[in-house]
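Trainee: okay, here's the prediction I keep looking at, along with the sequence it came from:
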Amino acid sequence: DTGVSQNPRHKITKRGQNVTFRCDPISEHNRLYWYRQTLGQGPEFLTYFQNEAQLEKSRLLSDRFSAERPKGSFSTLEIQRTEQGDSAMYLCASSLFDIQYFGAGTRLSVL
Amino acid sequence: ILNVEQSPQSLHVQEGDSTNFTCSFPSSNFYALHWYRWETAKSPEALFVMTLNGDEKKKGRISATLNTKEGYSYLYIKGSQPEDSATYLCAFIYGQNFVFGPGTRLSVLP
């Protein structure tokens, strides 16, 4: 058990709907990362927080995607107007120094 | 765009065989390289953090080497066991950015 919790584990939605995922990092970790992983690929970086500040966003993160970490603890990733291409595993990781500790991911299926 | 490659894409070995796979990364602006193991239905788990050219790390039957000048790292598994079956990911780190390779999927047959 890495201590990083993601909810839900699975989400099935219809195209055009909005979805929100939650990540609870290890409590003392100040850094939090979101990744997207599709079949046959490694995790692709989406965005990164240090405490509550969102310091970096990938160009993969279109304007339909938004992430927050309001109190520097848990984070949410919202996808608006989902598209079939958004179907993927969404991974969250947290770290204090170099090593990232991952959650088990949220698998999104857009029908 | 940084490119991190891993080979082979997948590998099937018999229990007891030793195996190795490769991670290739840009040799400039190197900060660190991480290896992760990702078992099905579980979270990716960090194996090694490698920072210096010539680094060699070992954890039980698994070891890794690093060559930053030529931009590659090898992961070795000695005497593979079925529980070693997983996807092995490497991640090239520059600044706060992690660029993952596509992984090597290892299946160890009993």
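Mentor: Thanks, I have it.

Trainee: which ones are touching the closest residue to chain B within chain A?
Mentor: Chain B sits closest to A:Gly42 of chain A, with a gap of 3.3 Å, by C-beta to the nearest C-beta. All C-beta spots, glycine's among them, are computed from the backbone N, C-alpha and C. By C-beta atoms under 8 Å, 6 or more residues apart in numbering or on different chains, the contact set of A:Gly42 is B:Val4, B:Gln6, B:Leu89, B:Ala91, B:Phe100, B:Gly101, B:Pro102, B:Gly103.

Trainee: which pair in those has the greatest spatial separation?
Mentor: B:Ala91 and B:Pro102 (11.4 Å; C-beta to C-beta).

Trainee: looking at the two, which is more packed in?
Mentor: Just comparing B:Ala91 and B:Pro102: by other C-beta atoms under 10 Å in any protein chain shown the higher neighbour count belongs to B:Ala91, 24 against 18.

Trainee: quickly find the element holding B:Val99.
Mentor: Using DSSP states H and E, B:Val99 sits within strand B:97-100.

Trainee: put the alpha carbons of that strand into CSV.
Mentor: Extracted as CSV, the C-alpha positions of strand B:97-100 are listed here (Å, rounded to 0.1, in the frame of the first residue of the first chain):
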residue,chain,number,x,y,z
ASN,B,97,9.4,16.8,-15.3
PHE,B,98,9.2,13.0,-15.5
VAL,B,99,9.2,11.5,-19.0
PHE,B,100,8.3,7.9,-19.0
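
Trainee: run through the residues that contact residue 110.
Mentor: Going with chain A. A:Thr13, A:Lys14, A:Arg15, A:Thr82, A:Glu83, A:Gln84, A:Gly85, A:Asp86, A:Ser87.

Trainee: wait, chain B was what I had in mind.
Mentor: Contacts for B:Pro110 (C-beta under 8 Å, 6+ apart) come out as B:Glu15, B:Pro82.

Trainee: shaky segments in chain B?
Mentor: Residue ranges of chain B with pLDDT under 70: B:1.

Trainee: then chain A?
Mentor: In chain A, residues with pLDDT under 70: A:1-2.

Trainee: packing partners for the helix or strand where B:Leu89 lies?
Mentor: Secondary structure from DSSP H and E places B:Leu89 in strand B:86-94. Under the contact criterion of 3 or more C-beta pairs under 8 Å, 6 or more residues apart in numbering or on different chains; DSSP states H and E, strand B:86-94 touches strand B:5-7, strand B:32-38, strand B:72-77, strand B:97-100, strand B:104-109.

Trainee: the residue of chain B found nearest chain A - nearest residue in space that isn't next to it in sequence?
Mentor: In chain B, the residue found nearest to chain A is B:Phe100; the distance is 3.3 Å by C-beta to the nearest C-beta. In space, B:Phe100 comes closest to A:Gly42 once its chain neighbours are excluded; the distance is 3.3 Å by C-beta to C-beta, 6 or more residues apart in numbering or on different chains.

Trainee: where does that neighbour land in three-state SS?
Mentor: What DSSP: H, G, I helix; E, B strand; the rest coil gives for A:Gly42 is coil.

Trainee: and it, how far from B:Glu5?
Mentor: Using C-beta to C-beta, to the nearest Å, A:Gly42 is found at 10 Å from B:Glu5.

Trainee: quick check: neighbours shared by these two?
Mentor: Common neighbours of A:Gly42 and B:Glu5, using C-beta under 8 Å, 6+ apart, are B:Gly101, B:Pro102.
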